[in-house]
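Colleague: Quick one: sequence plus predicted model below, questions after.
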2 protein chains.
Amino acid sequence: MASVMSSVADRVPVLGLSACDHCAVRDRTFCSVLSPEDGARVRATLRPMSVGAHTTVFEEGEPAQYLFNVTSGTVKTYKLLPDGRRQITGFAFAGDFLGMTVEDDYVTSAETVTPASLCRFDRPRLLKLVDEMPHMEKHIAVTLAHELVAAQEQMLLLGRKTAQERIATFLVSLLRRREAYRCPGRPGGDCSTLALPMSRSDIGDYLGLTIETVSRTFSQLRRQGVIRLADVSHAEILDRGRLECLAQGSH
Amino acid sequence: MASVMSSVADRVPVLGLSACDHCAVRDRTFCSVLSPEDGARVRATLRPMSVGAHTTVFEEGEPAQYLFNVTSGTVKTYKLLPDGRRQITGFAFAGDFLGMTVEDDYVTSAETVTPASLCRFDRPRLLKLVDEMPHMEKHIAVTLAHELVAAQEQMLLLGRKTAQERIATFLVSLLRRREAYRCPGRPGGDCSTLALPMSRSDIGDYLGLTIETVSRTFSQLRRQGVIRLADVSHAEILDRGRLECLAQGSH
DNA sequence: CGTATGGTTGAGTCCGTTCAAACTGAGTGG
DNA sequence: CCACTCAGTTTGAACGGACTCAACCATACG
């Protein structure tokens, strides 16, 4: 599968220093904690890029040459077993960080779900800068801690929840994530319609289910009046309270 | 359930400054990166303690007043659903860190599996010190990153592996963890007998299985000549190659 | 030696999977 | 405009791996 580094990166123009100033996700990334001078040094390691849907960003096991910030679109990270079984470890949306690793190789693969724009950092150079910037180290530690909490919640889901509880948890976490990123007053911030940019197959591989079970469970929730499916990738949440009950396993 | 903080802590004598000098796990913790002066400041926030088996160290949702280093024994961390379903998120052995959280509340519960000794740190005071010590910040970020990798591997296990693959993965990861902590030449470092201090119920709740399936799968591996069960809590690895094949899902 | 607790084994069940068929909607071309 | 294709989704029917329920066994302990 084509790697983004060789195939797409060089086609995208470097937008220059001003790009960061207009960055929509700036205040959700480590860039927000940088002084003007440090910001300039970080920008020197950066290249903004746009890629189409279903493009490989990096692959597990390959040397981690770059780090990425998602500035728009959706990206999935996943691990594979030799026989092709797949576990999606997370979905990254605008503002999320990708490819952080202590080892020198990526520990998951990453592929875009939708067309996406990414901020690509040269990893060795950025890590050298990080060493000199305690604020950034701190920001990364906090990000890692949040990801770890999410991972532990996902373990509970994968180890102990039923199909219906998994789907409910997934929908609620998408809702919460959207709320965390939008001001309450902002347009769409409290809308009950949820975009599901990923396929049923992706949802299944994220929740430890098959596509058929995902589909059946959506239908089940629809018949129960908890959600309405405007179309295959847009779910309207009709009864959020009930959904949250289901999600935490108390029916 | 009895909390360690109120019930056990005060019975254990403070061993004074010299305790750290003899600490067996010192070089595996953040203490190893401290200068002598910083070490003294950290020690002022610390109290060593010993607790019996099956003792609650902290509970999910409760204010995170302390952080812990395990100096001996085994501790499990877990999350519960309202109806009692449990997911063990990890086992902590000597040298492992417990209770790290960005939020002000613990995100998992922790309970000893065996009698254990712990180094208890006052969290607010330690975090204040960490802010002034970039080395420690770095060490914590690295630890978090490693835990995140382990969590992602556990997601793959819980979402996509069969019972036999889960048990095999569990045994292999215990072997690897022991190897990482012991020099090859040291006694017991290359011994093929593995201690399983945790109950079948704990193993099941860690691997997303029931105790019956755990027990059956051990018997299955025994019949296949992959392991030998000296007793209920000691497994001898007879065919490590085969076990590693099973663990990664390629049979 | 009786009791208790945890572990093992067996039999039957069930939830989610597998296999298969039908449906949907977007894209293409006559 | 409709027919056709194709990939993704939904639905149905049968299956199976892990679960549930239950009995039995082993070790520890008073």
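Modeller: Cool, the structure landed.

Colleague: next SSE after the least confident helix or strand in chain A by mean pLDDT?
Modeller: One helix or strand of chain A scores below all others by mean pLDDT, DSSP states H and E: helix A:4-7, with a mean of 44. Once helix A:4-7 ends, the next helix or strand along the chain (criterion: DSSP states H and E) is helix A:18-21.

Colleague: Contacts made by that next one with the rest, please.
Modeller: Counting by C-beta atoms under 8 Å, 6 or more residues apart in numbering or on different chains, helix A:18-21 makes contact with A:26, A:31, A:39, A:43, A:46, A:48, all of which sit outside it. Glycine gets a C-beta too; all of them are placed from N, C-alpha and C.

Colleague: Filter those residues down to the ones in strands?
Modeller: A:46, A:48 (DSSP state E).

Colleague: Of the contacts of helix A:18-21, select the buried ones using a PyMOL command.
Modeller: In PyMOL, selecting the buried portion of the contacts of helix A:18-21, with burial taken from 16 or more other C-beta atoms under 10 Å in any protein chain shown, looks like this:
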select buried, chain A and resi 26+31+39+43+46+48
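
Colleague: how about the contacts of helix A:18-21, which pair is most distant?
Modeller: Using C-beta to C-beta, the two most remote members of the contacts of helix A:18-21 are A:39 and A:48, lying 14.5 Å apart.

Colleague: The residue in the stretch 1-150 of chain A positioned nearest to DNA strand D and residue A:40: what is the separation?
Modeller: Using C-beta to the nearest atom of the strand, the closest approach of the stretch 1-150 of chain A to DNA strand D is made by residue A:54 at 8.0 Å. Here the criterion is C-beta to C-beta, to the nearest Å. By it, residue A:54 lies 35 Å from residue A:40.

Colleague: what's the answer for residue A:46, then?
Modeller: Taken as C-beta to C-beta, the span from residue A:46 to residue A:40 is 11 Å.

Colleague: and the residue in chain A that DNA strand C sits nearest to, what element?
Modeller: Of all residues in chain A, residue A:213 sits closest to DNA strand C, at 3.0 Å by C-beta to the nearest atom of the strand. Element membership of residue A:213, judged by DSSP H and E, is helix A:211-223.

Colleague: What of residue A:87?
Modeller: Residue-wise, residue A:87 maps onto strand A:86-92 under DSSP H and E.

Colleague: pLDDT (mean, whole number) over that strand?
Modeller: Average pLDDT, strand A:86-92: 98.

Colleague: could you check whether the helix or strand that that strand is followed by is close to chain B?
Modeller: Next helix or strand after strand A:86-92 toward the C-terminus (DSSP H and E): strand A:97-98. No: Strand A:97-98 lies apart from chain B when judged by C-beta under 8 Å from any C-beta of the partner chain; the minimum separation is 11.8 Å.

Colleague: Going by contacts, tell me the helices and strands next to strand A:97-98.
Modeller: Using 3 or more C-beta pairs under 8 Å, 6 or more residues apart in numbering or on different chains; DSSP states H and E, the elements in contact with strand A:97-98 are strand A:66-72.

Colleague: 6 Å instead?
Modeller: For strand A:97-98, not one helix or strand is in contact under the criterion 3 or more C-beta pairs under 6 Å, 6 or more residues apart in numbering or on different chains; DSSP states H and E.

Colleague: can you give me the offset of it from its chain's centre?
Modeller: Its chain's average C-alpha position is 8 Å from that of strand A:97-98, according to C-alpha atoms, centre = their mean, to the nearest Å.

Colleague: Likewise for stretch A:205-225?
Modeller: Centroid separation for stretch A:205-225 versus its chain: 21 Å, with C-alpha atoms, centre = their mean.

Colleague: Could I get the full set of helices for chain A?
Modeller: A:4-7, A:18-21, A:36-43, A:123-132, A:134-160, A:163-181, A:200-207, A:211-223, A:240-248 (DSSP state H).
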